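Participant: Pasting the sequence and the predicted model now:
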Amino acid sequence: MYADEIKKILSKNLSLQEIYVFVDQDHYKIIVVDQIFVDKSKLEQHKMVYAPITKYIVDNKIHSISIYSFNPQEWKICRKYYIK
C-alpha cells in the first residue's frame, strides 16, 4: 500500500490539519496533527487513527505501523524531531 493511499483514507475519514505518511519497505510511520487530539489520551488518539485503516491491517496490506499523534500546540514543539 502506498503512502498516498493511506493519507487519502485518513483524510476522508478524519478531518485532520496535517497528515504525514512515510514508508520504509513494509513499515509505515503516520504522523497526524489536529485540535481533535486535545484532552484525549494517546490511546484514544491512536484508536481514532487506527479505525479507518484497520481493514487494511487485517488484510495484510499494512504490516508494521507507528502512529504519532499531536495537537497543534504539541506539534509546534515536536515537529523538528519528526520532520527533517
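Facilitator: Looks like it arrived, so ask away. Note that this is a predicted model, so its numbers are computed, not measured. Residues are numbered from 1 along each chain as shown.
Participant: just checking, residue 50 touches residue 62?
Facilitator: No: contact status for residue 50 versus residue 62: not in contact, 10.1 Å apart, counting by C-beta atoms under 8 Å. No exception for glycine: its C-beta is placed from N, CA and C like everyone else's.
Participant: For those two, indicate the residue with more neighbours.
Facilitator: Using other C-beta atoms under 10 Å as the criterion, residue 50 and residue 62 rank with residue 62 on top: 20 against 13.
Participant: ok, now which ones touch that one?
Facilitator: With contacts taken as C-beta atoms under 8 Å, 6 or more residues apart in numbering, residue 62 has the following neighbours: 1, 6, 28, 53, 56.
Participant: Show me what counts as buried in the helix or strand hosting the second one.
Facilitator: Spelled out, that is residue 6. Secondary structure assignment for residue 6, by DSSP states H and E: helix 3-13. For helix 3-13, a neighbour-count test (16 or more other C-beta atoms under 10 Å) marks 6-7, 9-10 as buried.
Participant: hmm, who's touching it?
Facilitator: Among residues not part of helix 3-13, those counted as contacts by C-beta under 8 Å, 6+ apart are 16, 19-23, 28, 30, 32, 49, 51-53, 56, 62.
Participant: cool, stretch 28-35 as well?
Facilitator: Around stretch 28-35, the neighbours that count as contacts under C-beta under 8 Å, 6+ apart are 1, 3, 6, 10, 14-23, 45, 49, 62-72, 75, 82-83.
Participant: ranges for the helices of the chain?
Facilitator: 3-13, 42-58, 72-82 (DSSP state H).
Participant: Just want to check the distance between residue 48 and residue 80.
Facilitator: Summarising the geometry, the distance separating residue 48 from residue 80, computed by C-beta to C-beta, to the nearest Å, is 25 Å.
Participant: Please say which of these two ends up with more neighbours.
Facilitator: Higher neighbour count among residue 48 and residue 80: residue 48, with 20 against 8, using other C-beta under 10 Å.
Participant: Report the beta-bridge partner residues of the residue sitting nearest the centre point of the chain.
Facilitator: Here the mean C-alpha position of the chain is nearest to the C-alpha of residue 30 (C-alpha atoms, centre = their mean), at a distance of 3.7 Å. The residues listed as beta-bridge partners of residue 30 by DSSP bridges are residue 21, residue 67.
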